[in-house]
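Trainee: mind looking at a prediction? Sequence and model below.
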Amino acid sequence: MSEQKLKPCPFCGGKAFIENGYVGIERVVFVKCDECNVRMPNVYVRASYCANDKAAEAWNRRANDE
């Protein structure tokens, strides 16, 4: 797994971090803002062994990215 640098929160500019949790019995990974607590949709760990990378990739995507 490669560590991706997370972009600041698109809403408040706060620092983001990767967090692990559960939805029912399914393990999930998501990125959350330390300031405003906004979080992105869950990335299910069972779907990919590189869930942290996928969560970081989803968080870092911006509307004006090509």
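Mentor: Perfect, I can see it now. Residues are numbered from 1 along each chain as shown.

Trainee: pretty sure Asn52 is touching Arg27, no?
Mentor: No. Counting by Cβ atoms under 8 Å, Asn52 does not reach Arg27; the two are 11.7 Å apart. For glycine as for every other residue, the C-beta is placed from the backbone atoms N, C-alpha and C.

Trainee: any residues touching the worst-scoring helix or strand of the chain on mean pLDDT, and which ones?
Mentor: Lowest on mean pLDDT, DSSP states H and E among the helices and strands of the chain sits strand 43-44, with a mean of 76. With contacts defined as Cβ atoms under 8 Å, 6 or more residues apart in numbering, strand 43-44 is touched by Val23, Glu26, Arg27, Val28, Val29, Phe30, Ala51, Lys54, Ala55, Ala58.

Trainee: let's see that with 7 Å instead.
Mentor: With contacts defined as Cβ atoms under 7 Å, 6 or more residues apart in numbering, strand 43-44 is touched by Glu26, Val28, Val29, Phe30, Ala51, Lys54, Ala55, Ala58.

Trainee: show me the strands in the protein, by range?
Mentor: 16-23, 26-33, 43-44 (DSSP state E).

Trainee: out of the ones you listed, flag the one nearest Cys9.
Mentor: Closest to Cys9 of the strands of the chain, according to Cβ to Cβ: strand 26-33, at 3.9 Å.

Trainee: what packs against that closest one?
Mentor: Secondary-structure packing of strand 26-33 (3 or more Cβ pairs under 7 Å, 6 or more residues apart in numbering; DSSP states H and E): strand 16-23, strand 43-44, helix 51-60.

Trainee: adding mean neighbour count and distance to Cys9, write the strands of the chain out as CSV.
Mentor: Listed next are these as CSV, based on neighbours: other Cβ atoms under 10 Å; distance: least, Cβ to Cβ, whole Å:
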stretch, mean neighbour count, distance to Cys9
strand 16-23, 14, 6
strand 26-33, 19, 4
strand 43-44, 18, 18
